[in-house]
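Asks: next comes the sequence, and after it the predicted model I'd like to discuss.
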2 protein chains.
Amino acid sequence: MKSISASSIKTWERFYRANFINSLTGFKSVNLIGTINSAGKTNLGVFSSIVHIGSDPALVGYINRPTKASPHTISNIQASGVYTINHIHPSFLEKAHQTSAKYADEMSEFDEVGLTPEFIEPMKAPFVKESRVKYALSLKEIIPIQLNDTFLVIGEIQHVKLEDDILLADGFLSLDKASSLCSNGTDGYYSTQLINRYHYAKPGVHPKKIN
Amino acid sequence: MKSISASSIKTWERFYRANFINSLTGFKSVNLIGTINSAGKTNLGVFSSIVHIGSDPALVGYINRPTKASPHTISNIQASGVYTINHIHPSFLEKAHQTSAKYADEMSEFDEVGLTPEFIEPMKAPFVKESRVKYALSLKEIIPIQLNDTFLVIGEIQHVKLEDDILLADGFLSLDKASSLCSNGTDGYYSTQLINRYHYAKPGVHPKKIN
């Protein structure tokens, strides 16, 4: 096996290092975040830093890069207090990736890449009509991470829309049936295959599969 | 499609809601975090809330649940300042899941589930010998999330150990070749299959695959 120290990582070329560090943290939930600005212009961006924070209340976080690099999504969320998170599927993967291009503020990524905004009253932020698993959040807190000028943006789930047949009897969602994708690094997209679900583990008891 | 409001989610039975909300946020990086306490006893726990925070400096976060529910990992990290994150593979998936059982403080999950601690000088925290992709971090900051008494624990990558043949020429790691797993919900584990990598997106240019 290869051993690599922090001091050699620091000497690497920037994009090589970004590919490596972004892969090292493992597969990621990749989603489109939909927002709207105060002039009513919609915005859509691909984010792979979604993190579950809690189930009751239902809190979801994502990391927003420094505002110089990634200004639109966070400023729209601050202004409107609401945003949507939409799973990505193979049928619109290339369109989803294309939202990461640097479009000007007055352009909507929905129009530019060819995805359809969907509005569910009374929520102002646009959903992605093509997505089979999506939810709206109200902003609860933006926590600055001073170590590298990023932000942990935390929202509470307000509304969920999903395909009927992926919701199992115990609340679990069959995301592989929904063809929701995950990502690796800054640019790799993956489908998944269920290995097993296991019952809640107890000391001294061998793990039992959930059928 | 099914529409679900926040007010109905609040009325759900606790485990149903946990399954649902944990699935809704999508596929997750699932890893074993290795720590050591001041008496030299090792600890190992499965965590699915790893989040990439930045590449330079190389910062990685994870969400630690309230200390009442999940006390050992975070207190060991606070005491020693160092911890490891280890990818999970099918060959030891059941052992990895079993670390989520509530073992007493004086027991080591390494011994209880049958995984092998591996020490790389001068780092005090144990790696998982069986893991093909793993890294050590030094604690940088613990940010309390007051909304639900959880914590964002942020570390800087200090050392990486991985299989030679998964590192590509541009720094990307072929995590599917390494058989690194991802998870969904609180108890579902998945293998992955690469669909495509795409070049950095530019406005007006159709996404190009990386071969």
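Replies: Cool, got the structure. All of these numbers come straight from a predicted model, not from anything done at the bench.
Asks: at the geometric centre of chain A, which residue sits there?
Replies: Here the mean C-alpha position of chain A is nearest to the C-alpha of A:Asn31 (Cα atoms, centre = their mean), at a distance of 3.6 Å.
Asks: quick check: chain neighbours aside, which residue is closest to that one?
Replies: Of all residues not flanking A:Asn31 in the chain, A:Ile85 sits nearest, at 4.9 Å (Cβ to Cβ, 6 or more residues apart in numbering or on different chains). For the C-beta atoms, the positions are set from N, CA and C on the backbone; glycine is no exception.
Asks: ok, back up a step: is it true that the residue nearest to the centre of chain A touches A:Thr84?
Replies: No. Between A:Asn31 and A:Thr84 there is no contact under Cβ atoms under 8 Å: 9.2 Å.
Asks: look up how far chain B lies from A:Asp170.
Replies: Distance from A:Asp170 to chain B, counting by Cβ to the nearest Cβ, to the nearest Å: 5 Å.
Asks: what sits closest to that residue if chain neighbours are left out?
Replies: In space, not counting the residues next to it along the chain, A:Asp170 is nearest to B:Asn19; the distance is 5.4 Å by Cβ to Cβ, 6+ apart.
Asks: mind giving me the packing neighbours of the top helix by length along chain A?
Replies: Across chain A, the helix with the greatest residue count (assigned by DSSP state H) is helix A:14-24. Judged by 3 or more Cβ pairs under 8 Å, 6 or more residues apart in numbering or on different chains; DSSP states H and E, helix A:14-24 is in contact with helix A:6-11, strand B:50-55, strand B:58-64, strand B:150-162.
Asks: can you add distance to B:Ala79, mean pLDDT and mean neighbour count and give these back as TSV?
Replies: As requested, the helices and strands packed on helix A:14-24 are exported to TSV (distance: least, Cβ to Cβ, whole Å; pLDDT from 0 to 100; neighbours: other Cβ atoms under 10 Å in any protein chain shown):
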stretch	distance to B:Ala79	mean pLDDT	mean neighbour count
helix A:6-11	22	96	12
strand B:50-55	21	98	23
strand B:58-64	14	98	25
strand B:150-162	13	98	22
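Asks: run a quick neighbour tally on A:Arg14.
Replies: 10 (other Cβ atoms under 10 Å in any protein chain shown).
Asks: pretty sure it sits against A:Thr186.
Replies: No. A:Arg14 lies out of contact with A:Thr186 (Cβ under 8 Å); the separation is 11.7 Å.
Asks: all the strands of chain A, residue numbers only.
Replies: A:2-5, A:28-29, A:31-36, A:42-47, A:50-55, A:58-64, A:82-87, A:117-118, A:127-128, A:133-145, A:150-162, A:182-184, A:188-198, A:209-210 (DSSP state E).
Asks: surely A:Ser100 touches B:Lys202?
Replies: No. Shown here, A:Ser100 and B:Lys202 do not form a contact pair, counting by Cβ under 8 Å, at 9.6 Å.
Asks: compare those two (neighbour count), which wins?
Replies: In this view A:Ser100 and B:Lys202 are compared by other Cβ under 10 Å, and A:Ser100 has more residues nearby, 21 against 13.
Asks: contacting residues for that one?
Replies: Each residue near A:Ser100 by Cβ atoms under 8 Å, 6 or more residues apart in numbering or on different chains is listed here: A:Gly45, A:Val46, B:Tyr200, B:Ala201.
Asks: so the longest helix of chain A versus strand B:58-64, what angle?
Replies: 20 degrees (axes from the mean of the first three to the mean of the last three Cα atoms, to 10 degrees).
Asks: if I take helix A:14-24 and strand A:188-198, what angle do their directions form?
Replies: Using the same axes, to 10 degrees: helix A:14-24 against strand A:188-198 is 20 degrees.
Asks: list the buried ones in helix A:14-24?
Replies: A:Tyr16, A:Arg17, A:Ala18, A:Asn19, A:Phe20, A:Ile21, A:Asn22, A:Ser23, A:Leu24 (16 or more other Cβ atoms under 10 Å in any protein chain shown).
Asks: gap between the residue nearest to A:Asp170 and B:Lys28?
Replies: Using Cβ to Cβ, to the nearest Å, B:Asn19 is found at 14 Å from B:Lys28.
Asks: contacting residues around the residue lying closest to A:Asn148 once chain neighbours are set aside?
Replies: The shortest distance from A:Asn148 to any residue that is not its chain neighbour, by Cβ to Cβ, 6+ apart, is 4.2 Å, and that residue is B:Gly54. The contact partners of B:Gly54, taken as Cβ under 8 Å, 6+ apart, are A:Leu147, A:Asn148, A:Thr150.
Asks: show me which of the residues you listed is closest to A:Ile120.
Replies: Closest approach between the contacts of B:Gly54 and A:Ile120, by Cβ to Cβ: A:Thr150, at 29.8 Å.
Asks: got the contact list for that closest one?
Replies: Residues counted as contacts of A:Thr150 (Cβ under 8 Å, 6+ apart) are A:Ile63, A:Asn64, A:Arg65, A:Pro66, A:Pro144, B:Ile53, B:Gly54.
Asks: any idea how far it is from B:Lys28?
Replies: 19 Å.
Asks: cool, A:Ala96 as well?
Replies: Taking Cβ to Cβ as the measure, A:Ala96 falls 19 Å from B:Lys28.
Asks: between the two, who's got more neighbours?
Replies: Of the pair A:Ala96 and B:Lys28, A:Ala96 is the one with more neighbours under other Cβ under 10 Å, namely 32 against 27.
Asks: quick one: the closest residue to that one other than its chain neighbours from B:Ser70, how far?
Replies: Counting by Cβ to Cβ, 6+ apart, A:Ala96 lies nearest to A:Ile88, which is 4.5 Å off, once chain neighbours are set aside. Remark: distance between A:Ile88 and B:Ser70 (Cβ to Cβ) = 31 Å.
Asks: and A:Trp12, by the same measure?
Replies: With the distance defined as Cβ to Cβ, A:Trp12 ends up 34 Å from B:Ser70.
Asks: that older thread, ok, the residue nearest to A:Asn31 - contacts?
Replies: If a contact means Cβ under 8 Å, 6+ apart, then A:Ile85 has A:Asn31, A:Leu32, A:Ile33, A:Gly34, A:Phe47, A:Ile50, A:Val60, A:Tyr62, A:Lys134, A:Tyr135, A:Leu137, B:Thr25 as its contacts.
Asks: pull the number of nearby residues for the residue nearest to A:Ala96.
Replies: Per other Cβ under 10 Å, the neighbour tally for A:Ile88 reads 29.
Asks: do the same with the one 4 residues further on
Replies: Using other Cβ under 10 Å, A:Phe92 has 19 other residues around it.
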